[in-house]
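Student: return atomic coordinates for the entry below.
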Amino acid sequence: MSPVPDLVLRRAHIPHTTGSWDLVLRDGRIESVVPAGRALPQGPALDLDGRFVRPGLWDAHTHFDQWTVRRRRVDLAPATSAAHAAAVMRDALAAADTASASGSGSGSGLLVGYGFRDALWPDAPSLAALDAVSDERPLALVSGDLHCGWINSAAARRFGVRAPDDGLLREAEWMALLDVLDRDERPGADDHRAAAEAAAARGVVGIVDFENADLLRHWPRRVAAGVTALRVEAAVWPGRLDEAIGRGLRTGDVLDPGGLVTMGRLKIIVDGSLNTRTALCWDPYPGLPAGHPHPCGVQSVAPEHVEELVARAYAAGIAPAVHAIGDRANTQVIDVFERLGVPGTVEHAQLVSAADFARFGRLGLTASVQPEHAMDDRDVADTHWAGRTDRAFAFRSLLDAGAVLALGSDAPVAPLDPWVAIGAAVSRSRDGRRPWHPDERITREAALAACARGRTEVRAGDAADLVVLDEDPLQVDADALRTLPVAATLLGGRPTWKNL
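Tutor: A predicted model of the protein is given here:
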């Protein structure tokens, strides 16, 4: 007698086929795919009633702790000016004080806001403006791109830093403080479980986590505590590279008994971001004052040090993933990969020099991109990268050049929702606006594959990491892709979300 399967999916539609099919799932894989109605093994079954089954989706770039704590922070995304952002914090502080007076909250601790984008604000942040909100309670406002923060004097005292007149800390100085904020707000297992299950509800089966934390230890503990809705590739940053090498860890090594967590890549950040005007470019940013120390952006890690880190990691079996946003940063990173002759991933690749597209393909590089950033930043790019946006967020050009494309969110910078990324990549539009550089749109199949690690088929022998949809994403209106309902998600044949 044949062993009982883990699950049988009955009457499914699958890509590139006609009719309906039954899928037998066993030991985490698809054991067989047969025409619907044939005799099947007895066991648990799920009748899909003609719904569409596709490979499960991945988010190729997340900061999972940041995404998890975002819901606790004051929402600054609507702020249209520095004065507006300060007013939002003032209202939040008043609400917190009221809650404290009623005994339902604490009115003395750090108050954190998230999501401001100041690149197009008509006024400038200042230390005085936040001190006017509160000169006693620490306030920290995290930018939407995570690359800068706006603090008041009380926060500066708390964290032992000097606040400049504008109250803004950028890049390395801010990243160090952001790490302290993360420890203060450290989410628990229930928070991580809720965030993981919310991702599963959008068809996500796995994430690449680039949080600057001890992920190689944190994630196995989370899984042991019941955070089991996702597969996770856990990255290391340069400060933890020696430890990873000392432990003999290599990219792809399994880190937990259930096989959900694997060793990921070495994350290196070589420049800043567009919204903070620190992405390293060949041309200067417009409107900067004379004598600005970084008119073309910030070089966070020198090319020779990038090369040394990549070479050392690769020799130890740890693959590299290098953050490069500006065109000069991308050229430098591609130069490193070319000199070393090793494969790798360029994270973001937002602005690419015309001559560098072909090198992505020739060197076999992966461009890990976030399509929703193009929608968030189109006006910022038109202002600060004027005359260059024909090669900004250029997903079609990267694909045509032979690059491997991987789609992600950079959550919390954009939502941890692959359908948002797919919709943005396919339409290059949002909120009823005309498509932005429509020549850079990619096909639905290309976008779906880039969210599924290249998988486009549902075949016997594949991992039973699957998403079930009420509608065919190849047929729905492009605008509907962003909110496409998910009927079920399966991880290794185990439902992690079901709404059937």
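Student: give the rounded mean pLDDT of the longest strand belonging to the chain.
Tutor: Ranked by residue count and defined by DSSP state E, the top strand of the chain is strand 261-269. What strand 261-269 shows for mean pLDDT is 98.
Student: scan this structure for its longest helix.
Tutor: helix 82-101 (DSSP state H).
Student: how much space separates the spatially most central residue of the chain from Asn275?
Tutor: The centre of the chain sits closest to Asp410, judged by C-alpha atoms, centre = their mean, with a distance of 2.3 Å. Asp410 sits 12 Å away from Asn275, going by C-beta to C-beta, to the nearest Å. C-beta here means a position set from N, CA and C on the backbone, and glycine is covered the same way.
Student: pretty sure Asp271 is touching Ala302, no?
Tutor: No. Look at Asp271 against Ala302 with C-beta atoms under 8 Å: they stay out of range, at 11.2 Å.
Student: out of these two, which sits in the more crowded spot?
Tutor: Asp271 (28 against 11; other C-beta atoms under 10 Å).
Student: what about dumping the CA coordinates of stretch 364-377 to PDB?
Tutor: Provided in PDB are the C-alpha atoms of stretch 364-377 (Å, rounded to 0.1, in the frame of the first residue of the first chain):
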ATOM      1  CA  GLY A 364      26.100  36.500 -14.800                       C
ATOM      2  CA  LEU A 365      25.200  39.000 -12.100                       C
ATOM      3  CA  THR A 366      21.800  39.100 -10.300                       C
ATOM      4  CA  ALA A 367      20.100  42.400 -10.100                       C
ATOM      5  CA  SER A 368      18.000  42.400  -6.900                       C
ATOM      6  CA  VAL A 369      15.500  45.200  -7.500                       C
ATOM      7  CA  GLN A 370      12.500  46.700  -5.800                       C
ATOM      8  CA  PRO A 371       9.900  47.900  -8.400                       C
ATOM      9  CA  GLU A 372       7.700  49.800  -5.900                       C
ATOM     10  CA  HIS A 373      10.700  52.100  -5.300                       C
ATOM     11  CA  ALA A 374      10.300  53.300  -8.800                       C
ATOM     12  CA  MET A 375       6.800  54.400  -8.000                       C
ATOM     13  CA  ASP A 376       7.700  55.900  -4.700                       C
ATOM     14  CA  ASP A 377      10.700  57.800  -6.100                       C
END
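Student: please identify the buried residues of it?
Tutor: For stretch 364-377, burial by neighbour count (16 or more other C-beta atoms under 10 Å) applies to 365-377.
Student: can you check stretch 86-96 too?
Tutor: Ala86, Val88, Met89, Ala92, Leu93, Ala96.
Student: which two from the residues you listed end up farthest apart in space?
Tutor: Ala86 and Ala96 (15.4 Å; C-beta to C-beta).
Student: ranges for the helices of the stretch 351-500 of the chain?
Tutor: Assigned by DSSP state H, counting those that start in this stretch, the helices in the stretch 351-500 of the chain fall at 357-362, 371-384, 395-400, 418-427, 444-450.
Student: all strands of the stretch 351-500 of the chain, in order?
Tutor: 366-369, 404-407, 466-469, 486-491, 494-498 (DSSP state E, counting those that start in this stretch).
Student: so which elements touch the longest helix of the chain?
Tutor: Applying 3 or more C-beta pairs under 8 Å, 6 or more residues apart in numbering; DSSP states H and E, one finds that helix 82-101 contacts strand 74-75, strand 111-116, helix 127-133, strand 139-143.
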